[in-house]
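Student: structure for this input, please:
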Amino acid sequence: MSSSAGERPAAVVLVEDGGSDRSRRRAATQEHETALHAGLSAGVTLTLAILGSSVLPLPFAFSRLGVVPGLLIMLAVALGNALAGTLLLRAAGALDKHSFESIAEAVGGRSWRVFTEVCLNLLLFGNVCGDFCLLADTGTIAVQELLPGGAPRWLTAGDGRVVMSVLCMLIVFPLSCLRRMRELEKVASTGLLFVVFVSAMIVYYSVADGLPAIRSGELPIWRPAVAANVPEAIGVLSFAFYLTPMLLPLLREMPAGKVGVDVTCTALQVVTVGIAYVCYAVIGVFAAARYGLRTEGDILVNRWLPGRWDGMLSAAMTLYLSISVAPMAMTLRSQLENLLLGEDAPRPRSRQIMLAGAVVLTSLARMLRVYL
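Tutor: Below you'll find the predicted structure:
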(Lines give C-alpha, C1' and ligand atoms only; values in the text may rest on other atoms or scores of the structure.)
Protein backbone atom coordinates (compact mmCIF):
# COMPACT_ATOMS: atom_id res chain seq x y z
CA MET A 1 0.00 0.00 0.00
CA SER A 2 1.42 3.40 -0.92
CA SER A 3 0.28 7.01 -0.96
CA SER A 4 1.62 10.29 -2.26
CA ALA A 5 3.66 12.52 0.01
CA GLY A 6 1.62 14.30 2.67
CA GLU A 7 -1.50 12.19 2.02
CA ARG A 8 -3.03 9.63 4.35
CA PRO A 9 -5.27 6.96 2.86
CA ALA A 10 -8.86 7.00 4.08
CA ALA A 11 -8.75 3.33 4.94
CA VAL A 12 -6.17 0.64 5.42
CA VAL A 13 -6.56 -3.13 5.34
CA LEU A 14 -5.48 -5.97 7.56
CA VAL A 15 -5.16 -9.75 7.21
CA GLU A 16 -4.09 -12.63 9.39
CA ASP A 17 -0.41 -13.42 9.70
CA GLY A 18 1.15 -16.08 7.50
CA GLY A 19 2.69 -16.32 4.03
CA SER A 20 5.84 -14.85 2.59
CA ASP A 21 4.80 -11.49 1.12
CA ARG A 22 3.55 -9.68 4.22
CA SER A 23 2.49 -6.41 2.63
CA ARG A 24 0.68 -7.96 -0.34
CA ARG A 25 -1.01 -10.49 1.93
CA ARG A 26 -2.38 -7.83 4.26
CA ALA A 27 -3.46 -5.66 1.33
CA ALA A 28 -5.50 -8.56 -0.08
CA THR A 29 -7.66 -9.11 2.97
CA GLN A 30 -11.39 -8.61 2.99
CA GLU A 31 -11.34 -6.75 6.30
CA HIS A 32 -11.08 -2.96 6.03
CA GLU A 33 -10.12 -0.70 8.90
CA THR A 34 -9.51 3.02 9.12
CA ALA A 35 -6.14 4.24 10.30
CA LEU A 36 -7.88 6.14 13.11
CA HIS A 37 -9.49 2.98 14.47
CA ALA A 38 -6.21 1.08 14.17
CA GLY A 39 -4.47 3.80 16.19
CA LEU A 40 -7.15 3.91 18.87
CA SER A 41 -7.18 0.14 19.13
CA ALA A 42 -3.40 -0.01 19.45
CA GLY A 43 -3.41 2.84 21.96
CA VAL A 44 -5.92 1.29 24.33
CA THR A 45 -4.12 -2.06 24.12
CA LEU A 46 -0.78 -0.43 24.97
CA THR A 47 -2.49 1.44 27.81
CA LEU A 48 -3.57 -1.86 29.36
CA ALA A 49 -0.03 -3.18 29.08
CA ILE A 50 1.73 -0.12 30.50
CA LEU A 51 -0.68 0.69 33.33
CA GLY A 52 -0.75 -2.79 34.81
CA SER A 53 1.23 -3.57 37.93
CA SER A 54 3.21 -0.32 37.68
CA VAL A 55 0.43 1.69 39.34
CA LEU A 56 0.96 -0.07 42.68
CA PRO A 57 4.52 1.01 43.67
CA LEU A 58 4.48 4.49 42.07
CA PRO A 59 3.28 6.32 45.22
CA PHE A 60 6.16 4.78 47.20
CA ALA A 61 8.65 6.17 44.67
CA PHE A 62 7.18 9.67 44.94
CA SER A 63 7.11 9.50 48.73
CA ARG A 64 10.89 9.03 48.68
CA LEU A 65 11.85 11.24 45.73
CA GLY A 66 9.64 14.24 46.45
CA VAL A 67 7.16 15.81 44.05
CA VAL A 68 9.25 17.74 41.50
CA PRO A 69 12.24 15.33 41.41
CA GLY A 70 9.81 12.43 40.95
CA LEU A 71 7.95 14.17 38.12
CA LEU A 72 11.17 15.13 36.33
CA ILE A 73 12.75 11.68 36.61
CA MET A 74 9.53 10.06 35.46
CA LEU A 75 9.31 12.44 32.50
CA ALA A 76 12.87 11.55 31.47
CA VAL A 77 12.02 7.83 31.65
CA ALA A 78 8.81 8.33 29.65
CA LEU A 79 10.56 10.34 26.93
CA GLY A 80 13.41 7.82 26.78
CA ASN A 81 11.04 4.89 26.37
CA ALA A 82 8.96 6.71 23.77
CA LEU A 83 12.09 7.59 21.78
CA ALA A 84 13.56 4.08 22.01
CA GLY A 85 10.27 2.50 20.98
CA THR A 86 9.86 4.90 18.07
CA LEU A 87 13.37 4.16 16.80
CA LEU A 88 12.70 0.43 17.08
CA LEU A 89 9.46 0.69 15.11
CA ARG A 90 11.07 2.90 12.44
CA ALA A 91 13.92 0.41 12.08
CA ALA A 92 11.47 -2.47 11.76
CA GLY A 93 9.56 -0.58 9.09
CA ALA A 94 12.68 0.31 7.14
CA LEU A 95 13.87 -3.31 7.17
CA ASP A 96 10.36 -4.74 6.67
CA LYS A 97 10.90 -6.93 9.75
CA HIS A 98 8.36 -7.63 12.45
CA SER A 99 10.31 -9.43 15.15
CA PHE A 100 13.35 -8.69 17.29
CA GLU A 101 15.18 -11.78 16.08
CA SER A 102 14.70 -10.95 12.39
CA ILE A 103 16.05 -7.44 12.96
CA ALA A 104 19.00 -8.91 14.87
CA GLU A 105 19.69 -11.34 12.01
CA ALA A 106 19.52 -8.55 9.44
CA VAL A 107 22.12 -6.59 11.41
CA GLY A 108 24.46 -9.26 12.78
CA GLY A 109 23.69 -12.57 11.15
CA ARG A 110 22.44 -15.92 12.44
CA SER A 111 24.35 -15.83 15.73
CA TRP A 112 22.72 -12.53 16.70
CA ARG A 113 19.32 -14.01 15.91
CA VAL A 114 19.85 -17.02 18.18
CA PHE A 115 21.20 -14.85 21.00
CA THR A 116 18.20 -12.53 20.71
CA GLU A 117 15.72 -15.42 20.70
CA VAL A 118 17.18 -16.97 23.84
CA CYS A 119 17.43 -13.70 25.78
CA LEU A 120 13.98 -12.44 24.79
CA ASN A 121 12.16 -15.67 25.62
CA LEU A 122 13.86 -15.87 29.01
CA LEU A 123 13.05 -12.21 29.68
CA LEU A 124 9.38 -12.62 28.81
CA PHE A 125 9.07 -15.83 30.81
CA GLY A 126 10.45 -14.00 33.83
CA ASN A 127 8.04 -11.12 33.28
CA VAL A 128 5.01 -13.42 33.17
CA CYS A 129 6.18 -15.28 36.28
CA GLY A 130 6.60 -11.97 38.11
CA ASP A 131 3.10 -10.90 37.10
CA PHE A 132 1.69 -14.18 38.44
CA CYS A 133 3.48 -13.56 41.73
CA LEU A 134 1.79 -10.18 41.98
CA LEU A 135 -1.60 -11.78 41.38
CA ALA A 136 -0.96 -14.06 44.35
CA ASP A 137 -0.07 -11.09 46.57
CA THR A 138 -2.96 -8.81 45.58
CA GLY A 139 -5.43 -11.69 45.54
CA THR A 140 -4.46 -12.66 49.07
CA ILE A 141 -4.89 -9.05 50.26
CA ALA A 142 -8.36 -8.94 48.65
CA VAL A 143 -9.48 -12.22 50.24
CA GLN A 144 -8.25 -11.21 53.68
CA GLU A 145 -10.00 -7.83 53.50
CA LEU A 146 -13.25 -9.26 52.13
CA LEU A 147 -13.32 -11.99 54.79
CA PRO A 148 -12.00 -10.24 57.91
CA GLY A 149 -13.48 -12.95 60.15
CA GLY A 150 -11.05 -15.42 58.69
CA ALA A 151 -10.66 -16.70 55.15
CA PRO A 152 -10.54 -20.48 54.60
CA ARG A 153 -6.99 -21.69 55.11
CA TRP A 154 -6.96 -23.53 51.79
CA LEU A 155 -7.76 -20.27 50.00
CA THR A 156 -4.82 -18.31 51.39
CA ALA A 157 -2.38 -21.19 51.89
CA GLY A 158 1.03 -20.93 50.29
CA ASP A 159 0.97 -17.15 50.07
CA GLY A 160 -1.97 -17.15 47.67
CA ARG A 161 -1.11 -19.94 45.25
CA VAL A 162 -4.76 -21.06 45.03
CA VAL A 163 -5.94 -17.54 44.19
CA MET A 164 -3.12 -17.18 41.67
CA SER A 165 -3.99 -20.47 39.98
CA VAL A 166 -7.67 -19.59 39.69
CA LEU A 167 -6.96 -16.15 38.21
CA CYS A 168 -4.44 -17.56 35.75
CA MET A 169 -6.73 -20.28 34.45
CA LEU A 170 -10.01 -18.33 34.41
CA ILE A 171 -8.79 -14.92 33.23
CA VAL A 172 -5.21 -14.88 31.94
CA PHE A 173 -5.41 -18.08 29.87
CA PRO A 174 -8.64 -17.29 27.96
CA LEU A 175 -7.43 -13.78 27.13
CA SER A 176 -4.05 -15.13 26.03
CA CYS A 177 -5.84 -17.39 23.53
CA LEU A 178 -7.22 -14.47 21.54
CA ARG A 179 -6.00 -14.47 17.96
CA ARG A 180 -4.58 -10.94 18.04
CA MET A 181 -3.36 -8.66 20.78
CA ARG A 182 -5.63 -5.84 19.65
CA GLU A 183 -8.66 -8.01 20.40
CA LEU A 184 -8.00 -7.04 24.02
CA GLU A 185 -9.28 -3.51 23.31
CA LYS A 186 -12.69 -4.03 24.98
CA VAL A 187 -11.29 -5.31 28.28
CA ALA A 188 -8.51 -2.73 27.98
CA SER A 189 -11.09 0.06 27.77
CA THR A 190 -12.77 -1.24 30.91
CA GLY A 191 -9.40 -1.40 32.63
CA LEU A 192 -8.65 2.20 31.70
CA LEU A 193 -11.94 3.32 33.23
CA PHE A 194 -10.98 1.51 36.43
CA VAL A 195 -7.62 3.30 36.55
CA VAL A 196 -9.41 6.62 36.08
CA PHE A 197 -11.72 5.72 38.97
CA VAL A 198 -8.77 4.82 41.22
CA SER A 199 -7.04 8.08 40.29
CA ALA A 200 -10.16 10.11 41.14
CA MET A 201 -10.61 8.24 44.41
CA ILE A 202 -7.03 8.90 45.48
CA VAL A 203 -7.29 12.59 44.60
CA TYR A 204 -10.59 12.93 46.48
CA TYR A 205 -9.42 11.35 49.73
CA SER A 206 -6.03 13.06 49.65
CA VAL A 207 -7.56 16.50 49.11
CA ALA A 208 -10.28 15.80 51.68
CA ASP A 209 -7.55 15.10 54.23
CA GLY A 210 -5.79 18.34 53.27
CA LEU A 211 -2.73 16.73 51.61
CA PRO A 212 -1.23 16.05 55.07
CA ALA A 213 2.23 14.90 53.98
CA ILE A 214 2.80 18.03 51.88
CA ARG A 215 1.40 20.29 54.59
CA SER A 216 3.70 18.79 57.22
CA GLY A 217 6.75 18.76 54.96
CA GLU A 218 7.03 14.98 55.10
CA LEU A 219 6.65 14.97 51.31
CA PRO A 220 8.98 17.71 50.03
CA ILE A 221 8.13 19.58 46.86
CA TRP A 222 11.64 20.32 45.53
CA ARG A 223 13.99 17.73 47.04
CA PRO A 224 14.07 13.99 47.87
CA ALA A 225 12.47 12.98 51.13
CA VAL A 226 14.77 10.03 51.89
CA ALA A 227 18.10 10.14 50.08
CA ALA A 228 18.92 6.53 50.94
CA ASN A 229 15.82 5.33 49.04
CA VAL A 230 16.47 7.36 45.89
CA PRO A 231 18.09 4.49 43.89
CA GLU A 232 15.20 2.15 44.75
CA ALA A 233 12.64 4.80 43.83
CA ILE A 234 14.35 5.52 40.50
CA GLY A 235 14.30 1.79 39.78
CA VAL A 236 10.54 1.73 40.32
CA LEU A 237 10.03 4.64 37.91
CA SER A 238 12.40 3.11 35.35
CA PHE A 239 10.20 0.03 35.00
CA ALA A 240 6.92 1.95 34.89
CA PHE A 241 6.96 2.57 31.12
CA TYR A 242 8.00 -0.93 30.05
CA LEU A 243 6.44 -1.65 26.65
CA THR A 244 9.31 -2.52 24.33
CA PRO A 245 8.86 -6.32 24.02
CA MET A 246 5.27 -6.06 22.77
CA LEU A 247 5.80 -3.33 20.17
CA LEU A 248 6.86 -5.54 17.27
CA PRO A 249 4.19 -8.22 17.83
CA LEU A 250 1.69 -5.36 17.85
CA LEU A 251 3.17 -3.91 14.63
CA ARG A 252 2.40 -7.22 12.87
CA GLU A 253 -1.31 -6.52 13.46
CA MET A 254 -1.19 -2.97 12.14
CA PRO A 255 -1.72 -1.68 8.58
CA ALA A 256 0.99 -2.54 6.09
CA GLY A 257 3.86 -0.23 5.24
CA LYS A 258 4.61 3.28 6.47
CA VAL A 259 1.02 3.91 7.54
CA GLY A 260 1.18 1.11 10.09
CA VAL A 261 4.53 2.27 11.45
CA ASP A 262 3.32 5.87 11.74
CA VAL A 263 0.10 4.88 13.50
CA THR A 264 1.92 2.59 15.93
CA CYS A 265 4.54 5.24 16.73
CA THR A 266 1.84 7.82 17.42
CA ALA A 267 -0.05 5.41 19.67
CA LEU A 268 3.14 4.62 21.57
CA GLN A 269 4.01 8.28 22.11
CA VAL A 270 0.51 9.28 23.21
CA VAL A 271 0.26 6.36 25.64
CA THR A 272 3.75 6.75 27.11
CA VAL A 273 4.21 10.51 27.42
CA GLY A 274 0.51 11.33 27.65
CA ILE A 275 -1.83 8.82 29.26
CA ALA A 276 0.62 6.84 31.37
CA TYR A 277 2.58 9.88 32.55
CA VAL A 278 -0.54 11.75 33.65
CA CYS A 279 -2.05 8.73 35.42
CA TYR A 280 1.21 7.94 37.19
CA ALA A 281 1.69 11.56 38.22
CA VAL A 282 -1.80 11.85 39.67
CA ILE A 283 -1.74 8.54 41.51
CA GLY A 284 1.86 8.91 42.68
CA VAL A 285 1.75 12.48 43.93
CA PHE A 286 -1.67 12.43 45.60
CA ALA A 287 -1.25 9.03 47.26
CA ALA A 288 2.15 10.07 48.62
CA ALA A 289 0.64 13.39 49.71
CA ARG A 290 -1.79 11.51 51.94
CA TYR A 291 0.47 8.87 53.48
CA GLY A 292 3.95 10.40 53.21
CA LEU A 293 6.65 8.06 54.49
CA ARG A 294 3.95 5.58 55.51
CA THR A 295 3.29 4.93 51.81
CA GLU A 296 3.75 1.21 51.18
CA GLY A 297 5.48 -0.40 48.23
CA ASP A 298 2.02 -1.69 47.26
CA ILE A 299 -0.49 1.12 47.56
CA LEU A 300 -3.27 -1.39 48.25
CA VAL A 301 -1.69 -2.06 51.64
CA ASN A 302 -2.59 1.51 52.64
CA ARG A 303 -6.27 1.89 53.48
CA TRP A 304 -8.42 4.00 51.17
CA LEU A 305 -12.04 2.98 51.70
CA PRO A 306 -13.96 2.07 54.86
CA GLY A 307 -14.61 -1.53 55.89
CA ARG A 308 -15.13 -4.13 53.22
CA TRP A 309 -15.21 -1.47 50.52
CA ASP A 310 -11.43 -1.52 50.72
CA GLY A 311 -11.53 -5.26 50.12
CA MET A 312 -13.73 -4.71 47.08
CA LEU A 313 -11.21 -2.19 45.78
CA SER A 314 -8.42 -4.75 46.23
CA ALA A 315 -10.52 -7.40 44.48
CA ALA A 316 -11.22 -5.07 41.55
CA MET A 317 -7.51 -4.22 41.33
CA THR A 318 -6.68 -7.94 41.31
CA LEU A 319 -9.06 -8.51 38.39
CA TYR A 320 -7.56 -5.53 36.57
CA LEU A 321 -4.04 -6.86 37.09
CA SER A 322 -5.17 -10.25 35.79
CA ILE A 323 -6.30 -8.81 32.46
CA SER A 324 -3.15 -6.67 32.25
CA VAL A 325 -1.01 -9.85 32.24
CA ALA A 326 -2.52 -10.92 28.91
CA PRO A 327 -0.49 -8.59 26.61
CA MET A 328 2.79 -9.89 28.03
CA ALA A 329 1.62 -13.52 27.84
CA MET A 330 0.53 -12.98 24.23
CA THR A 331 3.91 -11.42 23.46
CA LEU A 332 5.66 -14.54 24.77
CA ARG A 333 3.26 -16.68 22.75
CA SER A 334 4.18 -14.67 19.65
CA GLN A 335 7.87 -15.24 20.28
CA LEU A 336 7.28 -18.99 20.60
CA GLU A 337 5.30 -18.92 17.35
CA ASN A 338 8.24 -17.25 15.62
CA LEU A 339 10.63 -19.82 17.07
CA LEU A 340 8.58 -22.98 16.45
CA LEU A 341 6.48 -22.09 13.39
CA GLY A 342 8.49 -19.40 11.64
CA GLU A 343 7.84 -15.68 11.40
CA ASP A 344 5.91 -15.88 8.11
CA ALA A 345 4.24 -19.26 8.60
CA PRO A 346 0.45 -19.61 8.98
CA ARG A 347 -0.68 -19.69 12.62
CA PRO A 348 -3.60 -22.08 13.09
CA ARG A 349 -5.90 -21.40 16.03
CA SER A 350 -5.20 -24.79 17.54
CA ARG A 351 -1.49 -24.06 17.75
CA GLN A 352 -2.08 -20.58 19.11
CA ILE A 353 -4.21 -22.04 21.91
CA MET A 354 -1.64 -24.76 22.62
CA LEU A 355 1.17 -22.24 22.85
CA ALA A 356 -0.94 -19.93 25.04
CA GLY A 357 -1.54 -22.89 27.33
CA ALA A 358 2.17 -23.66 27.38
CA VAL A 359 2.98 -20.07 28.35
CA VAL A 360 0.44 -19.93 31.17
CA LEU A 361 0.98 -23.44 32.52
CA THR A 362 4.79 -23.34 32.55
CA SER A 363 4.82 -19.92 34.21
CA LEU A 364 2.22 -21.04 36.72
CA ALA A 365 4.10 -24.26 37.45
CA ARG A 366 7.27 -22.28 38.07
CA MET A 367 5.56 -19.97 40.53
CA LEU A 368 3.73 -22.82 42.30
CA ARG A 369 7.10 -24.44 42.85
CA VAL A 370 8.37 -21.19 44.37
CA TYR A 371 5.41 -21.04 46.78
CA LEU A 372 5.62 -24.69 47.85
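Student: in this protein, which spans are strands?
Tutor: In the chain, the segments counted as strands under DSSP state E are 12-14, 31-33.
Student: where among those is average confidence lowest?
Tutor: Lowest mean pLDDT of the strands of the chain: strand 12-14, a mean of 44.
Student: Pro306: how many residues sit nearby?
Tutor: Other residues within reach of Pro306, judged by other Cβ atoms under 10 Å, total 7. No exception for glycine: its C-beta is placed from N, CA and C like everyone else's.
Student: could you do the one 5 residues further on as well?
Tutor: Applying the criterion other Cβ under 10 Å, we find 18 residues in the vicinity of Gly311.
Student: now do Ala91
Tutor: By other Cβ under 10 Å, 15 other residues sit near Ala91.
Student: ok, and the closest non-adjacent residue to it?
Tutor: Once flanking residues are discounted, Ala91 sits nearest to Ile103: 6.4 Å by Cβ to Cβ, 6 or more residues apart in numbering.
Student: burial measure for that neighbour, as a count.
Tutor: 20.
Student: can you check Lys186 too?
Tutor: 9.
Student: now do the contacts for it.
Tutor: Under the criterion of Cβ atoms under 8 Å, 6 or more residues apart in numbering, Lys186 has no neighbours.
Student: which pLDDT value goes with it?
Tutor: The model reports Lys186 with a pLDDT of 90.
Student: and what of Gly19?
Tutor: 41.
Student: do Pro9 as well
Tutor: pLDDT at Pro9 comes out at 43.
Student: also Gln352?
Tutor: Here, the pLDDT recorded for Gln352 equals 88.
Student: over to Gly158?
Tutor: In this model, Gly158 is scored at 65, pLDDT.
Student: go on, Leu247?
Tutor: As predicted, Leu247 sits at a pLDDT of 92.
Student: that one reaches Leu268, doesn't it?
Tutor: Yes: at 6.8 Å, Leu247 counts as touching Leu268 under the criterion of Cβ atoms under 8 Å.
Student: okay, those two: which has more neighbours?
Tutor: Using other Cβ under 10 Å as the criterion, Leu247 and Leu268 rank with Leu268 on top: 26 against 23.
Student: centroid residue for the chain?
Tutor: Residue closest to the average C-alpha location in the chain (Cα atoms, centre = their mean): Ala49, at 2.1 Å.
Student: list the contacts of that residue.
Tutor: 243, 246, 324, 327-328.
Student: if we use 6 Å, what do you get?
Tutor: 243, 246, 327 (Cβ atoms under 6 Å, 6 or more residues apart in numbering).
Student: quick one: average confidence on stretch 44-59?
Tutor: On average, the pLDDT along stretch 44-59 is 88.
Student: whoops, stretch 227-242 was the one
Tutor: The average of the pLDDT scores along stretch 227-242 is 88.
Student: pull the residues that contact it.
Tutor: 54, 57, 61, 64-65, 73-74, 77-78, 81, 224, 272.
Student: just among the residues you listed, which is most surrounded?
Tutor: Taking other Cβ under 10 Å as the neighbour criterion, Leu65 ranks highest of the contacts of stretch 227-242 with 30 neighbours.
Student: quick check: it touching Val226?
Tutor: No: taking Cβ atoms under 6 Å as the definition, Leu65 is not a contact partner of Val226, at 8.7 Å.
Student: so who does Val114 touch?
Tutor: Contact criterion Cβ under 6 Å, 6+ apart gives no residues in contact with Val114.
Student: roughly how far apart are it and Leu339?
Tutor: 10 Å (Cβ to Cβ, to the nearest Å).
Student: same check, this time on Leu368
Tutor: 25 Å.
Student: repeat that for Tyr277.
Tutor: Between Tyr277 and Leu339 the distance is 34 Å, computed by Cβ to Cβ.
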